[in-house]
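Engineer: Here is my input, please return the structure:
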Amino acid sequence: MISEWRLNMKEIDFRHTIVGQGLLWFGAAISIAEIVTGMLIGSLGIIKGIAAIILGHSIGAAILFLAGYIGAKEQETTPEIVKISLGQKGTTIFSIFNIIQLFGWTSVMIINGAKALNGVAENMIGYGNERIWCVVIGIFICCWIFVGLRKLTIINGIVCALFLAFFVIMGCKLIFLVPKDLVVADSMESFGIGVELNVAMVLSWLPLISDYTCNVNKPVKGSVISVLSYSLGSMIMFSIGLLASIVFQESDISNIIIKMGLGGMGLFIVIFSTVTTTYLDTFSVGICAESINKNWGVKKVATITCIVGTLIAVLVPSNKFEEFLYFIGSIFAPLFAVLFTDYFVLHKKENDRKFDVENIGMWIIGFAIYRVLMNYNTVIGNTLPTILIVMTLKFICNRVKCSIAVSYTHLTLPTN
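Structural biologist: Numbering: from 1, shown residues only. Here you go, the predicted structure:
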């Protein structure tokens, strides 16, 4: 099924594949969640806030590129490349965690979009109902799923152009509204948290990117375009959130849209920015599900994911968004640190074991390291130190294991 999915994707002309990747990932970055996260670092002020955005996205983009490149080079989806480290059956563990976080992302994106739409609608027409807006967004996402990636290049191009126009207008208005007497925080602790939030947002796509770069014919170019497109869009969103937080001193995106006189256009942007981002989450659930059971169809599972995510958004209130991002980072950053060491350092491209207990153990250790480092704030956040520590430990363990194997071989060789 996964090979069939890849074959269908390759029917697109190469030029459109590259363009499609860029539009797909730029659209993925344009979301209310990105703006809201940008608002969380407003206390840094504009100078340190922008610095945190640039540094955090640079770290995240470098890591995201490595994951995307492996998928593009091997022409495999994420569940397939993870087999290199976790084993043939061990990848199921990854898929389960990924499906859980994607269900979470789907519901979070829908409820964030619904809250913003509700606020704008209440102001414009005097009526609001978050649950109805959740259902409306869910229906649009299902429509996107049925259209499919193959037919979305032109649609994504039009939608992304409208997104860009809207946010350029919004950004320009915010720049002129920035107060001259900015209060800039001096806390290095806050700066480190700001960097980590940026890194965590970028790396929330770490388990997904290979699901899409596996279809490009030029691994480096395709991966670079995907990562740069997402990073550019994400930095724009974070910057708008940062400026909005400073200018209006509030965190309600719907109020900000109304105060800027962008109500009608804002409704359109909120709906479709939520759709283009959440669509990728639902589709990747389908890909992960097929890695567990090949009889499950990608579109069928994606649609079920959308429906369940909509129900969760309607019935369960979502909060503590920051903790959700940190959870994602603590789960997937250590896993990909192990994969990067296997693939780029040890040049390992396959694993015949059902479960690679050693690497699974290293993954668990990495998770613990990340959670411990959350108690300490560094200028570069927690993710990069965790990845470097795990890669170092993995490399040292491999060298020790090789030395023991060589010593054992020498001891068991017959002497003349």
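Engineer: The worst-scoring helix or strand of the chain on mean pLDDT: what's the following helix or strand?
Structural biologist: In the chain, no helix or strand scores lower on mean pLDDT, DSSP states H and E than helix 2-10, which sits at a mean of 40. Tracing the chain C-terminally past helix 2-10 and defining elements by DSSP states H and E, one meets helix 14-29 next.
Engineer: how far is that next one from where the chain is centred?
Structural biologist: Taking the mean of its C-alpha atoms, helix 14-29 sits 15 Å from the chain's own mean (Cα atoms, centre = their mean, to the nearest Å).
Engineer: Show me what that helix is packed against.
Structural biologist: Packed against helix 14-29 by the contact rule (3 or more Cβ pairs under 8 Å, 6 or more residues apart in numbering; DSSP states H and E) you find helix 152-177, helix 210-213, helix 219-248, helix 263-292. Where you see a C-beta, it was placed from the backbone N, CA and C, and this is true even at glycine.
Engineer: Show me what the second one is packed up against.
Structural biologist: In other words, helix 210-213. Taking 3+ Cβ pairs under 8 Å, 6+ apart as the contact cut, helix 210-213 packs with helix 14-29, helix 45-74, helix 78-86, helix 219-248, helix 263-292.
Engineer: Ok, which of the helices and strands packed on helix 14-29 comes nearest residue 63?
Structural biologist: With distances scored as Cβ to Cβ, the stretch of the helices and strands packed on helix 14-29 nearest to residue 63 is helix 219-248 (9.5 Å).
Engineer: What's the mean pLDDT across that closest one?
Structural biologist: This predicted structure assigns helix 219-248 an average pLDDT of 91.
Engineer: angle of it against helix 152-177?
Structural biologist: Between helix 219-248 and helix 152-177, the angle comes out at 40 degrees (axes from the mean of the first three to the mean of the last three Cα atoms, to 10 degrees).
Engineer: Mind telling me what element residue 35 is part of?
Structural biologist: When the helices and strands are read off by DSSP H and E, the one containing residue 35 is helix 32-39.
Engineer: Can you tell me which of the helices and strands packed on helix 210-213 is most buried?
Structural biologist: helix 78-86 (a mean of 25; mean count of other Cβ atoms under 10 Å).
Engineer: Now the helix or strand following that one: buried residues?
Structural biologist: For helix 78-86, the following helix or strand on the C-terminal side (DSSP H and E) is helix 91-125. Applying a neighbour-count criterion of 16 or more other Cβ atoms under 10 Å, the buried positions in helix 91-125 are 91-95, 97-99, 101-121, 123.
Engineer: One more: stretch 362-381?
Structural biologist: Within stretch 362-381, the residues that count as buried by 16+ other Cβ under 10 Å are 362-363, 365-367, 369-370, 373-374, 377, 380-381.
Engineer: Phi and psi next, for the residue minimising distance to the centre of the chain.
Structural biologist: Closest residue to the average C-alpha location of the chain: residue 205 at 2.2 Å, with Cα atoms, centre = their mean. Here is the backbone geometry of residue 205 (degrees, to the nearest 10): phi -90, psi 0.
Engineer: which residues does it contact?
Structural biologist: With contacts taken as Cβ atoms under 8 Å, 6 or more residues apart in numbering, residue 205 has the following neighbours: 28, 64, 230.
Engineer: how far away is the first one from residue 208?
Structural biologist: Taking Cβ to Cβ, to the nearest Å as the measure, residue 28 falls 9 Å from residue 208.
Engineer: what's the overlap in contacts for these two?
Structural biologist: Here residue 28 and residue 208 share the contacting residues residue 280, scored by Cβ under 8 Å, 6+ apart.
Engineer: Would you enumerate the residues in contact with residue 97?
Structural biologist: Contacts were defined as Cβ under 8 Å, 6+ apart; by that measure residue 97 touches 331-332.
Engineer: make it 7 Å
Structural biologist: Applying Cβ atoms under 7 Å, 6 or more residues apart in numbering, we find residue 97 in contact with residue 331.
Engineer: quick one: pLDDT of it?
Structural biologist: Value listed for residue 97 in the pLDDT field: 89.
Engineer: likewise residue 353?
Structural biologist: The predicted local confidence for residue 353 comes out at a pLDDT of 89.
Engineer: Against residue 62, how distant is the nearest residue to it once chain neighbours are set aside?
Structural biologist: Closest residue to residue 353 in three dimensions, ignoring its sequence neighbours and counting by Cβ to Cβ, 6 or more residues apart in numbering: residue 87, at 4.1 Å. Counting by Cβ to Cβ, the separation of residue 87 from residue 62 is 27 Å.
Engineer: which ones are touching residue 247?
Structural biologist: By Cβ under 7 Å, 6+ apart, the contact list for residue 247 reads 174, 177-178.
Engineer: among the buried residues of stretch 362-381, which one has the lowest pLDDT?
Structural biologist: Across those, the smallest pLDDT goes to residue 377, namely 78.
Engineer: That one touches residue 192, doesn't it?
Structural biologist: Yes - under the criterion of Cβ atoms under 7 Å, residue 377 makes contact with residue 192 at 3.8 Å.
Engineer: what's the distance between residue 377 and residue 370?
Structural biologist: Note on residue 377: its distance to residue 370, by Cβ to Cβ, is 14 Å.
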